[in-house]
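Participant: Sequence first, then the predicted structure, then my questions.
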Amino acid sequence: MTKMEIRSALALALVVGLRMFGLFLVLPVLALDLQRMPGVTPLLIGAALGIYGVGHLLLQIPLGLLSDHIGRKPVITLGLALFALGSLIAALAHGVDGIILGRALQGTGAVTGASQALAADLSGEHSRNAVMGILGGTIGLAFLLALLLGSTLAAHLGGLQGLFGLTFVLVLVAIAALWLLVPHAPAPRTHGSEGLGAIVHTLRDTRLLVLDVSAFVLHGLLTLFFVVMPLLLAHGLHLVAGAQWRVYVPALLTAGLVMGVALPRMRGLRASIRALQFSALLLALGLAALAFARGSLGMGMLGAVLFFVAFSMLEASLPSLVSRLAQPARRGAALGAYSAAQFFGVIVGGACGGVLLGTIGVAGGFATAAIVALLWFLMLLPAGARLGQPAPAGARGAG
């Protein structure tokens, strides 16, 4: 990585990290605090938790496409402003309805695709995996810190509304950092409005569809993991909520160390494809270990380490592959579609995790997830050759 690429990656990671830390910060206390509000039902609690993903699912492609037309920074700023507005509304809310409205507005700030497109614009192909890895690692760190600090900060800031207020401030800082610290990206070599037909062909490119399906499966399994894992830790491994970091922290640190060693070796397209296939297999092995981990802290630790190592590698390699295979003028649209697939996977994974947990339990949930991951790995074996093929003619030309 050049000095400019390192500076760009760290500055953009700060922007993304502040936003994601604010998003994750309320998760440890949201359901518990909502239960104390008058008129709250389980359905309303579920709506408050899940409505954020609806906006992300619906708006990732439009905002990614808009970033191809007017630039990445204006669109990211718009998304951050909507996220800040939603945070402010939730902070000032006096009931669950206001919090649901605020969470819904937060979800309209769907700029994951535009942020990844900006990261791709600011990096060369050989360093793109490393840049995406820095962004993915920052999100992982934000998630970990939010889990560790959410309850403590809530106690000092007056509860859930105080956390939303802190999120509002953090997002304003992220907007300032975006314009003051993140370099301006070079303009695409071709204009993003070269035709609706070309954009449609890009979104239908079978190589990109393979990666979109991969994003759907990966984030579905991630959400299922966090539905089932707390119960394994609490009941199967006898770790109370305040001690579960003893599994998460070493697993995430190991994942970061492995990424630091592996990413410099994933420069070429073929190397990235092989890493994608290997990581999918590693994910299946980690989930299988968790299926047999009840009563064995060592097996649980092994499964968590394998899972987070694989997930971290996939979080770096998948968006990097999308940015490489998409035309620069339609990179925002392609990464928007990829991000929409991620959030669709979150919704489906959460629902499936709850159903599996209620029907076949913790071990059965992890075993089912391992089978899904194994099937995904088998799909990627023949798909690897397709990923190395050139783009379809319709995706390359103007519509």
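Facilitator: Great, that's in hand. Residues are numbered from 1 along each chain as shown.
Participant: So Gly336: helix, strand or coil?
Facilitator: helix (DSSP: H, G, I helix; E, B strand; the rest coil).
Participant: Based on its surroundings, how many neighbours for it?
Facilitator: 30 (other C-beta atoms under 10 Å). Backbone N, C-alpha and C define where each C-beta goes, glycine included.
Participant: do you know how far it is from Thr77?
Facilitator: With distances taken as C-beta to C-beta, to the nearest Å, Gly336 is found 16 Å from Thr77.
Participant: shouldn't Leu149 be in contact with Leu25?
Facilitator: Yes. The pair Leu149 / Leu25 is scored as a contact, 7.4 Å apart, by C-beta atoms under 8 Å.
Participant: between these two, which one's more packed in?
Facilitator: A direct count of neighbours by other C-beta under 10 Å for Leu149 and Leu25 places Leu25 higher, at 26 against 16.
Participant: Contacts only, for the more buried one.
Facilitator: 146, 149-150, 153, 163, 166-167 (C-beta atoms under 8 Å, 6 or more residues apart in numbering).
Participant: could you redo these as a markdown table and give each row pLDDT?
Facilitator: Below are the contacts of Leu25 laid out as a markdown table (pLDDT from 0 to 100):
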| residue | pLDDT |
| --- | --- |
| Ala146 | 82 |
| Leu149 | 82 |
| Gly150 | 79 |
| Leu153 | 88 |
| Leu163 | 92 |
| Leu166 | 95 |
| Thr167 | 94 |
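Participant: Would you check which pair of these lies furthest apart?
Facilitator: Leu149 and Thr167 (12.7 Å; C-beta to C-beta).
Participant: Taking the contacts of Leu25, please make a PyMOL selection of just the buried ones.
Facilitator: The PyMOL selection below is limited to those of these classed as buried (16 or more other C-beta atoms under 10 Å):
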select buried, resi 146+149+150+153+163+166+167
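Participant: List just the nearest of the contacts of Leu25 to Ala262.
Facilitator: Closest to Ala262, out of all of the contacts of Leu25 and judged by C-beta to C-beta, is Ala146, at 25.8 Å.
Participant: shaky segments in the stretch 251-399 of the chain?
Facilitator: 264-267, 385-386, 388-399 (pLDDT under 70).
Participant: And the helices in it?
Facilitator: Ranges of helices within the stretch 251-399 of the chain are 269-291, 297-325, 331-359, 361-387, 393-396, based on DSSP state H, counting those that start in this stretch.
Participant: Now distance to Val258 too, for these, in TSV please.
Facilitator: As requested, the helices of the stretch 251-399 of the chain are exported to TSV (distance: least, C-beta to C-beta, whole Å):
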stretch	distance to Val258
helix 269-291	10
helix 297-325	5
helix 331-359	22
helix 361-387	18
helix 393-396	34
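Participant: Nearest to Gly107, out of those helices?
Facilitator: helix 331-359 (8.9 Å).
Participant: Okay, buried residues for the closest one please.
Facilitator: 331-350, 352-354, 356-357.
Participant: any idea how far Gly107 lies from Ile51?
Facilitator: 6 Å.
Participant: Contacts only, for Gly345.
Facilitator: If you count contacts by C-beta under 8 Å, 6+ apart, then Gly345 has 215-223 around it.
Participant: try 7 Å this time
Facilitator: The contact partners of Gly345, taken as C-beta atoms under 7 Å, 6 or more residues apart in numbering, are 215-220.
Participant: cool, Arg7 as well?
Facilitator: Going by C-beta under 7 Å, 6+ apart, the list of residues near Arg7 is empty.
Participant: what kind of secondary structure is it in?
Facilitator: helix.
Participant: Against Ser115, how distant is it?
Facilitator: Taking C-beta to C-beta, one finds Arg7 at 16 Å from Ser115.
Participant: same thing with Ala271?
Facilitator: 24 Å.
Participant: next one: Ile134
Facilitator: 12 Å.
Participant: Which one of these two is surrounded by more residues?
Facilitator: Ser115 (28 against 25).
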